[in-house]
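1. Sequence and predicted structure, then a few things I'm wondering about:
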Amino acid sequence: MNKNFKLEMRKICKIFPGVVALDNVDFELGEEVHILLGENGAGKSTLVKILSGAYQKTSGQIFLDGKEIEIKNPKHAQDLGISIIYQEFNLVPHLSVAENIFLGREPTLMPGVLNLKKLYNSAQKILDDLGVEINARSLVKDLGVAQQQMVEVAKALSLDARILIMDEPTSALTEQEIERLFATIRDLLKKGVSVIYISHRLEELFEIGDRVTILRDGKYIGTHRIDDISKPELIRMMVNRELKEQFPKKKAAIGDEILRLQNVEKDTVLHDINFSLYRGEILGIAGLLGSGRTELARAIFGAERIDSGNIFVKGKQVKITGPRSAINLDIGFLTEDRKCQGLILNLSVKENICLPSVDRFSKLGVVNRKKEVEAADFYINELRIKTPGMYQKVMYLSGGNQQKVIISKWLCTNVDVLIFDEPTRGIDVGSKVEIYELMNKLIAGGVAIIMISSELPEILGMSDRILVMHQGRIAGEFSAEEATQEKILHKALGGD
């Protein structure tokens, strides 16, 4: 084995029932940040789950410091110095930040008695070293998504890992938080920690990566130095085709007003919200994390009650008392946290697609299974959902295909208004284009879309009109033609 590499994985295969997830994949890691790249379903997460002990390989060899090893389970991987930060959070909401960081490894004064002072001080030091303003005594459930992501980073660093795997670590972070994370990664490299880094944000790969390995359909495609390859070449290797446009926005005929908010207020998070939404329009909503974007979406959908103000749907004033009343008004909501709030992971693709439309498929309390099957089959084909079948549990689908299932369930209800909160978070470049094409098809059919996104190129590339939020207020409004990243950021930061 090559002594220049800390880790080598040779001819790794992983077979699930009916699916070959990895087919003779090679991967090697030196003292570097090694990017692992590929579309959703390419095999990236499967490969790192084998390395972290969550999955057992079907065949192949793994070498650590030149010695062949068999990684038995996640605890064994940690003992070997391998730590992973998963894309989906692995935190206990009702425990403190410190308790989550040291879960299962809590310092004790004597058997059965926790050393709380050491627990909180040690956790706080890790957080302070990361440069994040999080109190180690705070409950995780009270933190925002970005803060929870940083707790995951702190938890991994607390293990003194020699190999750190980061699966989409920046998907919920602001630019400032990403810069802090990258500084931390560079410090770790100086201390001898090697990093395997998975991300779909191609721009950041060129900033933080040394080498890149590309997977496609479970197969090894190639490894290159970042300095020796261009962004178009990476995309072509990932998707095996040219992407003509990253944001294939098509103009639709803007129709009648379909939704209007008038003087809407909600606690301390929404203030004097006024705007209209029209058929055939994509209304982009930009703003920093904590600006009130998601709270606005949840208020429209009835997941949070407004304190005052009026909501009009198709010209009539309505009272949205909860998600069911929003659904009855033909409003759908794709949440940013698709796994916790958008899907029931243990149910099948068919069941997830048909769940909100159960009334459509029922008569006198009896569900017409044939109609459910026909509907699920239609949307699986229409949205090109990659699944072994409609009865596959949705937890086993890639992120992009899970997002398509969520879109399918709302299309099945025949919505007029569809709210997308971070529609392409954690989704590869090829699947992003497919989601955008679906948006084009929806607005062409008269659906109105509200799109919340932290990615300004996405907001600029797909919106007809853009609202910018700051501290719970609409701070600015731009047409697609007049909007620029600079103008949006200026308003998002509270500029006049």
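-> Received the coordinates, thanks.

2. Low-confidence bits of the stretch 1-150 of the chain, can you list those?
-> Where the stretch 1-150 of the chain drops to pLDDT under 70, the residues are 1-3, 18, 40.

3. what do you get if the cut-off is 90, keeping everything else the same?
-> 1-5, 16-21, 38-45, 85-90, 104-105, 109-112, 114, 128-133, 143-150 (pLDDT under 90).

4. Check which helix or strand the closest residue to V19 other than its chain neighbours maps to.
-> Sequence neighbours aside, P388 is the residue nearest to V19 in space, at 6.3 Å (criterion: C-beta to C-beta, 6 or more residues apart in numbering). Quick note: C-beta positions are derived from backbone N, CA and C, even for glycine. For P388, there is no host helix or strand (DSSP states H and E).

5. Numbering from 33 from now on, please.
-> Okay, using 33 as the starting number, the last item reads as P420.

6. Check the burial of P420 by counting its neighbours.
-> Neighbourhood size, P420 [other C-beta atoms under 10 Å]: 13.

7. Distance-wise, check it relative to V449.
-> Going from P420 to V449 by C-beta to C-beta, to the nearest Å gives 33 Å.

8. Same check on A186?
-> For A186 relative to V449 (C-beta to C-beta), the value is 39 Å.

9. Compare those two and say which is more crowded by neighbours.
-> A186 (27 against 24).

10. Confirm that the more buried one sits in a helix.
-> Yes - counting by DSSP: H, G, I helix; E, B strand; the rest coil, A186 is part of a helix.

11. For it, give me the pLDDT.
-> In this model, A186 is scored at 87, pLDDT.

12. Likewise for A204?
-> A204 carries a pLDDT score of 67 in this model.

13. element containing K157?
-> Assigned by DSSP H and E, K157 belongs to helix 148-162.

14. can you list contacts of that helix?
-> Outside of helix 148-162, the residues within contact range by C-beta atoms under 8 Å, 6 or more residues apart in numbering are 128-131, 133-134, 138-139, 166-169, 182, 185-186, 189-190, 212, 216.

15. next one: stretch 248-260
-> With contact meaning C-beta under 8 Å, 6+ apart, stretch 248-260 is reached by 52-60, 67, 70-71, 73-75, 78, 237-238, 241-247, 269-272.

16. can we see that at 7 Å?
-> 52-58, 70-71, 74-75, 237-238, 241-247, 269-270, 272 (C-beta atoms under 7 Å, 6 or more residues apart in numbering).

17. for it, which positions count as buried?
-> Within stretch 248-260, the residues that qualify as buried by neighbour count (16 or more other C-beta atoms under 10 Å) are R248, G250, Y252, I253, H256, I258.

18. Could you do stretch 60-79 as well?
-> Of the residues in stretch 60-79, 60-61, 64-79 count as buried by neighbour count, 16+ other C-beta under 10 Å.

19. same check, this time on stretch 394-408
-> E404, A407, A408.

20. same deal with stretch 136-150?
-> Within stretch 136-150, no residue counts as buried by 16+ other C-beta under 10 Å.

21. chain center to it: distance?
-> 35 Å (C-alpha atoms, centre = their mean, to the nearest Å).

22. Quick one: end-to-end length of that stretch, please.
-> Start and end residues of stretch 136-150 are separated by 15 Å (C-alpha to C-alpha, to the nearest Å).

23. cool, and stretch 422-437?
-> One end of stretch 422-437 sits 10 Å from the other (C-alpha to C-alpha).

24. ok, and what's touching it?
-> Contacts of stretch 422-437 (C-beta under 7 Å, 6+ apart): 72-73, 370, 375, 377-382, 384-385, 408-409, 412, 415, 417-419, 458-460, 463, 467.

25. which of the residues you listed are buried?
-> Going by neighbour count (16+ other C-beta under 10 Å), the contacts of stretch 422-437 have 72-73, 370, 375, 377, 379-382, 384-385, 408, 412, 415, 417-419, 458-460, 463, 467 buried.

26. Next, work out how far apart V80 and L450 are.
-> Counting by C-beta to C-beta, the separation of V80 from L450 is 33 Å.

27. what about the two, which has more around it?
-> Neighbour count, other C-beta under 10 Å: between V80 and L450, L450 has more, with 24 against 21.

28. Just the buried ones from the contacts of stretch 248-260, in PyMOL syntax?
-> Burial among these is assessed by 16+ other C-beta under 10 Å; the matching PyMOL selection reads:
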select buried, resi 53+54+55+57+70+71+74+75+237+241+242+243+244+245+246+247+269+270
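
29. Okay, and which of the contacts of stretch 248-260 map to helices?
-> If you go by DSSP state H, the contacts of stretch 248-260 have L237, F238, M269, M270 in helices.

30. what sits against the first one?
-> Neighbouring residues of L237 by C-beta under 7 Å, 6+ apart: I67, S231, V244, I258.
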